[in-house]
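[1] Here is the input, now give the coordinates:
(one chain, ligands or ions: 1)
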Amino acid sequence: MNENILYGERMSIEVCGGNRVEGSLKIQGSKNAVLPIMAAAILCDGITVIENCPDISDVHAMAEVIRGAGGEAEYRNHCLTINPAGIQNTAIEEEKAHEIRASVLLSGSMLARFGKITIDYPGGCSIGSRPIDYHLKSFRQMGVQITEKETYICCEVQGHLRGANIRLSFPSVGATENIILAAVLAEGTTEIENAAREPEIVELCSFLTAMGAVIEGAGTEWIRIRGVSKLHAVKWLLGSDRIALLTYAMMVAGCGGKAFFETERSFSKIEYKILSRLGCRIDREESGIRVIQDKRPEPVYYLRTEPYPGFPTDGQSLLMAVLCKSGGVSMIEEGVFENRFRMIRQLRKMGANIDYVSNRASITGVTRLHGAIVEADDLRSGAGLLIAAGMADGVTCVTNEHFIHRGYEDIVGQMRALGLDAEYKGKQKEEGI
Ligand code: UD1
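    Residues are numbered from 1 along each chain as shown. Prediction:
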């Protein structure tokens with residue numbers, strides 16, 4: 001490792017590139033499923049137990065928001081218990097609410113349970129303007145009075161939430177989840193047209209159904225929820241994280257080699273198609289998936305990210321990193337979040353040849369990437385840079401590791417399990433996280 005790299009205050013990850021992947025790992029529990037499930041846990045009185053919960057900072061931040069409201073949330077050894085009995089404070093002013101966008105999901109469940117919530121505008125990755133107008137418009141349709149202030153929003157409903165027919169102009173994942181969370185205890189039936197179809201919506205609905213909710217159509221663009229008067233706590237085994245799976249598969253696609261991923265999930269059709277296009281062989285086995293890459297990645301002539309079942313926007317940075325060393329020219333169009341291309345500046349520091357106009361990027365594969373000091377701008381760009389670092393000659397230092405830790409459990413440990421040479425640097429090592 002290069003001792004001459006200077007590190008700033010923030011933690012970083014150093015990767016000595018050039019190794020081929022050889023190893024196996026168990027895919028962590030799903031970040032995007034556990035966050036709405038944590039919000040759902042406050043819809044009942046009892047103690048919810050979530051097993052296979054990933055040890056990531058978004059989970060800890062969300063737990064802190066719940067504790068800030070007066071509930072109990074305890075994480076131990078991949079098991080999260082939530083007891084909402086003590087929740088009294090419906091004004092969520094926790095600093096953490098700024099840090100984690102999913103805190104906005106507490107508004108649906110708080111409204112359903114307590115009839116009001118005051119919440120700061122949510123934070124999260126800076127991957128584009130992330131308004132919550134669909135959430136608020138839907139709540140209004142369900143009878144909620146909303147007052148928007150400069151930094152926070154007050155929502156209140158007189159009596160019970162009322163079921164409504166809601167049409168989303170875009171299949172927003174968060175808005176679909178929030179409407180479902182509000183509707184399960186509402187009076188009457190709620191229908192969502194143009195609902196998001198992501199697997200995490202299906203998992204949330206399965207969880208709520210286990211709690212006693214009545215939901216039809218999860219995983220389709222039309223979801224119907226019949227409100228019930230009470231839900232009960234359950235114990236839940238969380239499914240594995242499809243984006244983490246895609247991340248590690250892209251490491252194989254970019255660095256070459258082979259890996260086995262223990263997971264119950266499969267790639268979606270489009271993910272399978274793209275990984276195959278890149279040159280990977282994918283074998284489904286009883287307890288997981290094997291991915292093998294024995295050549296230079298092939299280019300992908302055109303890909304647009306789309307809501308599910310399209311190629312996920314969360315996978316775009318991962319794919320772009322791999323394409324940097326492909327044997328041709330690829331085109332990616334970002335169809336969901338406008339700021340995902342900020343990573344390009346970082347990839348160029350490593351020798352990548354990428355041009356972009358607006359939401360379209362053209363990537364001309366180069367034969368060599370080289371190590372550099374690069375900065376993660378958000379969670380998935382951080383993961384993309386780690387993939388590029390594994391593919392590069394020499395040492396790359398990826399700074400702003402805190403973004404990566406939002407969604408990936410011990411990514412350095414996982415990269416090492418795959419035979420890559422990665423190390424935490426700076427403060428994190430001292431703290432022994
Ligand atoms: C979720 C995921 C995130 C993923 C994204 C898209 C979680 C915790 N996060 O984020 O990883 O990248 O889905 O698959 O599950 N929009 C509005 N108004 C709204 C809501 C959304 O204009 O009220 C726009 C957004 O700006 C964005 C698009 O809709 O352009 C998609 O956003 P959305 O699906 O809501 O994403 P999130 O739920 O925030």
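
[2] partners of I92 in the sheet?
    I119 (DSSP bridges).

[3] need the helices for the stretch 251-400 of the chain, in chain order.
    Using DSSP state H, counting those that start in this stretch, the helices found in the stretch 251-400 of the chain span residues 269-277, 316-323, 343-349, 379-391.

[4] I'd like to know which of those helices is closest to L231.
    Among those, the nearest to L231 by Cβ to Cβ is helix 379-391 (30.8 Å). C-betas here are computed from N, CA, C, even on glycine.

[5] Is that closest one in proximity to the ligand?
    No - Helix 379-391 is not in contact with the ligand by Cβ under 6 Å from any ligand atom; minimum separation 7.7 Å.

[6] and that helix with helix 316-323, angle?
    Going by axes from the mean of the first three to the mean of the last three Cα atoms, to 10 degrees, helix 379-391 is angled at 20 degrees with respect to helix 316-323.

[7] returning to what we had before: take the helices of the stretch 251-400 of the chain and lay them out in TSV including mean neighbour count.
    Formatted as TSV, the helices of the stretch 251-400 of the chain follow (neighbours: other Cβ atoms under 10 Å):
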stretch	mean neighbour count
helix 269-277	17
helix 316-323	29
helix 343-349	20
helix 379-391	29
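
[8] Just put the ones you listed in a markdown table and tack on mean pLDDT.
    Converted to a markdown table, the helices of the stretch 251-400 of the chain look like this (pLDDT from 0 to 100):
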| stretch | mean pLDDT |
| --- | --- |
| helix 269-277 | 98 |
| helix 316-323 | 98 |
| helix 343-349 | 97 |
| helix 379-391 | 97 |
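
[9] and those as a markdown table, adding distance to Y356?
    Putting the helices of the stretch 251-400 of the chain into a markdown table (distance: least, Cβ to Cβ, whole Å) gives the following:
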| stretch | distance to Y356 |
| --- | --- |
| helix 269-277 | 19 |
| helix 316-323 | 10 |
| helix 343-349 | 6 |
| helix 379-391 | 14 |
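
[10] Point out where the stretch 151-300 of the chain drops to low pLDDT.
    Judged against pLDDT under 70, the stretch 151-300 of the chain has no low-scoring part.

[11] Spell out which residues of it are next to the ligand.
    Within reach of the ligand by Cβ under 6 Å from any ligand atom, the stretch 151-300 of the chain has these residues: 170, 172-175, 200.

[12] try 8 Å this time
    Residues of the stretch 151-300 of the chain lying close to the ligand (Cβ under 8 Å from any ligand atom) are 170-177, 196, 198, 200, 243.

[13] just the buried members of these?
    Among these, those scoring as buried are 171-177, 196, 198, 200, 243 (criterion: 16 or more other Cβ atoms under 10 Å).

[14] Looking at those, point me to the pair that's furthest apart.
    Spatially, the most separated pair among those is A175 and I243, at 19.6 Å (Cβ to Cβ).

[15] Just want the residue of the protein that's nearest the ligand.
    Closest contact between the chain and the ligand, by Cβ to the nearest ligand atom, is at G174 (2.8 Å).

[16] Wasn't that residue part of a helix?
    Yes - assignment of G174 by DSSP: H, G, I helix; E, B strand; the rest coil places it within a helix.

[17] residue contacts, it?
    G174 makes contacts with 101-102, 104-105, 132, 135, as judged by Cβ atoms under 8 Å, 6 or more residues apart in numbering.

[18] As TSV, the residues you listed with secondary structure would be great.
    Conversion of the contacts of G174 to TSV gives the following (three-state DSSP):
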residue	secondary structure
R101	helix
A102	helix
V104	helix
L105	helix
I132	coil
H135	helix
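
[19] Close to the ligand as well: tell me which of those qualify.
    Among the contacts of G174, the ligand is touched by 101-102, 105, 132, 135 when using Cβ under 8 Å from any ligand atom.

[20] of all those, which comes closest to I289?
    For the ones next to the ligand among the contacts of G174, the nearest to I289 is A102 (27.2 Å; Cβ to Cβ).

[21] Restrict stretch 149-168 to CA atoms and write it as CSV.
    What follows is stretch 149-168, C-alpha atoms only, in CSV (Å, rounded to 0.1, in the frame of the first residue of the first chain):
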residue,chain,number,x,y,z
LYS,A,149,-42.8,25.5,6.9
GLU,A,150,-39.3,26.4,5.7
THR,A,151,-37.5,23.4,7.2
TYR,A,152,-40.3,21.2,8.5
ILE,A,153,-43.8,19.9,7.7
CYS,A,154,-46.8,19.5,10.1
CYS,A,155,-49.3,16.8,9.1
GLU,A,156,-52.5,16.2,11.1
VAL,A,157,-55.7,14.3,10.6
GLN,A,158,-58.9,14.8,12.4
GLY,A,159,-60.2,11.4,13.4
HIS,A,160,-59.0,8.6,11.2
LEU,A,161,-57.2,8.6,7.9
ARG,A,162,-59.6,7.8,5.0
GLY,A,163,-59.0,5.4,2.2
ALA,A,164,-58.6,7.1,-1.2
ASN,A,165,-58.0,6.4,-4.9
ILE,A,166,-54.5,7.7,-5.6
ARG,A,167,-52.8,7.9,-8.9
LEU,A,168,-49.0,8.5,-8.8
